[in-house]
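K.L.:
structure, please.
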Amino acid sequence: MTQPIYLVGARGCGKTTVGVALAQALGCNFVDTDHYLLTTTKMSVADIVAQEGWDGFRRRESGALQSVTAPGTVIATGGGMVLAESNRQFMREHGVVIYLRAPAQILASRLEAFPEEGQRPTLTGRPITDEIVEVLAAREALYNQAAHHVVDATRSPEEIVAAVLAALHTAHAS
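P.N.:
The predicted structure follows:
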């Protein structure tokens, strides 16, 4: 597998956890676009948003996507990466896009269980469950539009990796 693999989905769907395991299974590199931004800018997502607004953050996020795209890389994208049509198109043209889909209630319960995982400023200023429902409703079609494969992300990371590998194998065999 030499094409980059992009993992898309909402906060809490497991892009980083699954991405690390998937990269290990494939013998690939792993990059998380949010972590890449943190390392290269020395600022958190919250800091970037505070200084440059969401538009500034989204521009930096698009730049990060292009910077980390390389053969043999599994890339966990920020939850809003799909908002820009250019990002959806870029990912579809340069690799395989996997949407890790989970219902809002599961995402919210994961984020409440591990609040440090979602170190992002609120998008709506509302409680996490309400925000996830709203954000997922707005982005679901974009995740589906970007994806070559949709995988159920409600299972264990091991099961999700197995499902991704099966989807990649099926696509490669056809």
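K.L.:
what mean pLDDT does the longest helix anywhere in the chain get?
P.N.:
For the chain, the helix with the greatest residue count under DSSP state H is helix 45-68. Here helix 45-68 scores 94 as its mean pLDDT.
K.L.:
average pLDDT across the next helix or strand after it?
P.N.:
Proceeding N to C from helix 45-68, the next assigned helix or strand is strand 73-76, under DSSP states H and E. For strand 73-76, the mean per-residue pLDDT is 98.
K.L.:
which helices and strands does strand 73-76 pack with?
P.N.:
Counting contacts by 3 or more CB pairs under 8 Å, 6 or more residues apart in numbering; DSSP states H and E, strand 73-76 is packed against strand 5-8, helix 15-26, strand 29-32, helix 33-41. From N, CA and C alone the C-beta is placed, and that goes for glycine too.
K.L.:
tell me which of these is the most buried.
P.N.:
Most buried of the helices and strands packed on strand 73-76, by mean neighbour count (mean count of other CB atoms under 10 Å): strand 5-8, with a mean of 29.
K.L.:
quick one: low-confidence parts of this protein?
P.N.:
Applying pLDDT under 70 to the chain flags residues 1, 115-125, 171-174.
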